[in-house]
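Chemist: Please find the sequence and the predicted model below.
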There are 2 protein chains.
Amino acid sequence: MTNKEEVQDKRHLRSIKTKQKLLQAAREIFLTEGFQKATISQIIKKAEVGYGTAYVHFSGKEEILIVLMDHVMEKFYQIAEVSFSPSSKEEAHDIILSQAMDFLKMAETERNMLQLFEQSIGISSSISAKWNSIREKFIQRISEDIAYAQKYGLAKAELNHKLVARGWFYTNEMYLWEIVRNEQQGTVEEIAKTITAVYTGGLYQMNE
Amino acid sequence: MTNKEEVQDKRHLRSIKTKQKLLQAAREIFLTEGFQKATISQIIKKAEVGYGTAYVHFSGKEEILIVLMDHVMEKFYQIAEVSFSPSSKEEAHDIILSQAMDFLKMAETERNMLQLFEQSIGISSSISAKWNSIREKFIQRISEDIAYAQKYGLAKAELNHKLVARGWFYTNEMYLWEIVRNEQQGTVEEIAKTITAVYTGGLYQMNE
């Protein structure tokens, strides 16, 4: 390694650390102050980084929140990205049930951050646009899974897979927010089982 | 009729007219200005009623919007209140399809007002609470319909009707907002047919 490369590496490492400090500080400030009240100055102060340095990474609190959303949603995407190649309707049902269960359980484990997101979606149009893009990512993935199941004769072929996917995601999403607000009736297990039974029953025409 | 009664009747009539004037003016102001920018003073001025008189009827713009929401939702409730006593799974499917279709079509005919509601739900907690109560009213009604179908052996009895009802309403509601925002993919007919096919297929285990 040349001396120049070494210097660049150190700089790069320092830059990553600064970014992490800002994100960690932002997380704490957002959770205590709420998105609306939180200011970028509070975050920079808490992170103990210089103003100039901070603005190299983020232009404002919305941009920071968007990165935090990506971090949390990464865990959700992993659920959606479980490989879906069922060889029977029953197997399809089981995979979907476990996805729905994992998705709704994340509402409990990530409650604080999701409460923050819900709050900020209502306030900021760029956060709301971010949520829409997250939503579309999920719907796209569900859509592909349905198309797969239709191709292999498991799911009813006459249904528009894109429209089915949206409908299914919406049910999951709205239950997610219910759980985030701690307003759900019934356990996460019961909710997941019930909505999955209706969905897979309708889409796959499962027999009892 | 005594003279006293006649005077009271006239007063009552005048009061109704004042209220109507205020509601009509509010509708216009809200639609042109948006909920956030609209002020109660603009509404009172437009309605050409006295300030004191106006405040007898409404304490603020949120209260006026809530009454306007009730007026619009009255039309939606009529859809939910269609008598539901199907004698076969097919009949149940047809009633539910026509309800879903009517519900989503209202998103088109009442687009302006619903855009206003969606906007104000994000801003005002009392408007948001109002929307929640509207939602619960629908879910309650759907829930009763499912319980009826379960009682008569048409719908799967093992499913929790309250949880199924919420899931079904959420799909309809989210598609309603899509249509309100003019962002839907596919026609209202196709959306209604697709989501109804999945829902009734799953809940009633319909045969093709």
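Modeler: The structure has been received and is ready for your questions.
Chemist: Could you use CA atoms for every contact and neighbour count after this?
Modeler: OK.
Chemist: what residues does chain A put near chain B?
Modeler: Contact residues (CA under 8 Å from any CA of the partner chain) of chain A with chain B: A:122-123, A:159-160, A:163-164, A:167-168, A:170-172, A:174-175, A:185, A:191, A:194-195, A:197-203, A:205-206.
Chemist: Can you flag which of those residues belong to helices?
Modeler: Among the residues of chain A next to chain B, the members falling in helices (DSSP state H) are A:122-123, A:163-164, A:167-168, A:170-172, A:174-175, A:191, A:194-195, A:197-203.
Chemist: Restricted to buried residues, select those residues in PyMOL.
Modeler: One line in PyMOL is enough to select the buried ones among those; burial here means 16 or more other CA atoms under 10 Å in any protein chain shown:
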select buried, chain A and resi 163+164+167+168+170+171+172+174+175+191+194+195+197+198+199+200+201+202+203
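Chemist: longest helix anywhere in chain A?
Modeler: helix A:3-33.
Chemist: Against which helices or strands is that helix packed?
Modeler: Counting contacts by 3 or more CA pairs under 8 Å, 6 or more residues apart in numbering or on different chains; DSSP states H and E, helix A:3-33 is packed against helix A:40-47, helix A:51-57, helix A:61-80, helix A:111-123.
Chemist: for stretch A:180-199, which positions count as buried?
Modeler: Buried residues in stretch A:180-199 (16+ other CA under 10 Å): A:180, A:181, A:188, A:191, A:192, A:193, A:194, A:195, A:196, A:197, A:198, A:199.
Chemist: Nearest to chain B, out of the residues you listed: which one, please.
Modeler: residue A:198 (4.1 Å; CA to the nearest CA).
Chemist: Wait, residue A:64 touches residue A:26, no?
Modeler: Yes - at 7.2 Å, residue A:64 counts as touching residue A:26 under the criterion of CA atoms under 8 Å.
Chemist: who's more crowded, these two?
Modeler: Higher neighbour count among residue A:64 and residue A:26: residue A:26, with 25 against 19, using other CA atoms under 10 Å in any protein chain shown.
Chemist: Skipping its backbone neighbours, what lies nearest that one in space?
Modeler: residue A:43 (5.2 Å; CA to CA, 6 or more residues apart in numbering or on different chains).
Chemist: any chance of the helices and strands packed on helix A:3-33 in TSV, with distance to residue B:139 and mean pLDDT too?
Modeler: Converted to TSV, the helices and strands packed on helix A:3-33 look like this (distance: least, CA to CA, whole Å; pLDDT from 0 to 100):
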stretch	distance to residue B:139	mean pLDDT
helix A:40-47	41	96
helix A:51-57	46	91
helix A:61-80	28	92
helix A:111-123	22	92
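Chemist: May I see those helices arranged in a markdown table, with distance to residue B:142 as well?
Modeler: Output for the helices and strands packed on helix A:3-33, formatted as a markdown table (distance: least, CA to CA, whole Å):
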| stretch | distance to residue B:142 |
| --- | --- |
| helix A:40-47 | 46 |
| helix A:51-57 | 50 |
| helix A:61-80 | 30 |
| helix A:111-123 | 27 |
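Chemist: distance of the residue nearest to residue A:26 from residue A:111?
Modeler: 21 Å (CA to CA, to the nearest Å).
Chemist: Counting neighbours around each, name which of these two comes out higher.
Modeler: residue A:43 (24 against 18).
Chemist: Report the separation between the more buried one and chain B.
Modeler: 25 Å (CA to the nearest CA, to the nearest Å).
Chemist: Likewise for residue A:3?
Modeler: Taking CA to the nearest CA, one finds residue A:3 at 55 Å from chain B.
Chemist: Tell me the pLDDT of that residue.
Modeler: According to the prediction, residue A:3 has pLDDT 79.
Chemist: Please apply the same query to residue A:7.
Modeler: 81.
Chemist: Centroid-nearest residue for chain A?
Modeler: Note on chain A: the residue nearest the mean C-alpha position is residue A:73, at 2.7 Å, using CA atoms, centre = their mean.
Chemist: picking up where we left off before, and the longest helix of chain A, which residues are buried?
Modeler: A:15, A:18, A:19, A:21, A:22, A:23, A:25, A:26, A:27, A:29, A:30.
Chemist: Would you mind giving those residues as a markdown table with pLDDT added?
Modeler: Formatted as a markdown table, the buried residues of helix A:3-33 follow (pLDDT from 0 to 100):
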| residue | pLDDT |
| --- | --- |
| A:15 | 87 |
| A:18 | 93 |
| A:19 | 94 |
| A:21 | 96 |
| A:22 | 96 |
| A:23 | 97 |
| A:25 | 97 |
| A:26 | 97 |
| A:27 | 96 |
| A:29 | 97 |
| A:30 | 96 |
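Chemist: for these, which one is nearest chain B?
Modeler: For the buried residues of helix A:3-33, the nearest to chain B is residue A:30 (19.0 Å; CA to the nearest CA).
Chemist: quick one: contacts for the closest one?
Modeler: Contact partners of residue A:30, counting by CA atoms under 8 Å, 6 or more residues apart in numbering or on different chains, are A:38, A:116.
Chemist: Next one: it from residue B:144, what distance?
Modeler: 42 Å.
Chemist: what does residue A:83 give?
Modeler: Residue A:83 is 38 Å from residue B:144, by CA to CA.
Chemist: do residue A:123 as well
Modeler: Noted for residue A:123: a distance of 36 Å to residue B:144, by CA to CA.
Chemist: One more: residue A:199?
Modeler: For residue A:199, the distance to residue B:144 - CA to CA - is 20 Å.
Chemist: now stretch A:141-154, how far from the centre of its chain.
Modeler: Remark: stretch A:141-154 is offset 22 Å from the chain centroid, using CA atoms, centre = their mean, to the nearest Å.
Chemist: Now do that stretch, average pLDDT.
Modeler: So the average pLDDT for stretch A:141-154 ends up being 96.
Chemist: Pull out the buried residues from that stretch.
Modeler: A:141, A:142, A:143, A:145, A:146, A:147, A:148, A:149, A:150, A:154.
Chemist: tell me the domain boundaries of chain A?
Modeler: Per the record, chain A has its domains at A:3-59, A:66-204, by automatic domain parsing.
Chemist: Which stretch among those domains approaches residue B:105 most closely?
Modeler: domain A:66-204 (16.5 Å; CA to CA).
Chemist: what's the span of that closest one from first residue to last?
Modeler: 37 Å.
Chemist: now it, how far from the chain's geometric center?
Modeler: In terms of CA atoms, centre = their mean, the centre of domain A:66-204 is set 9 Å apart from its chain centre.
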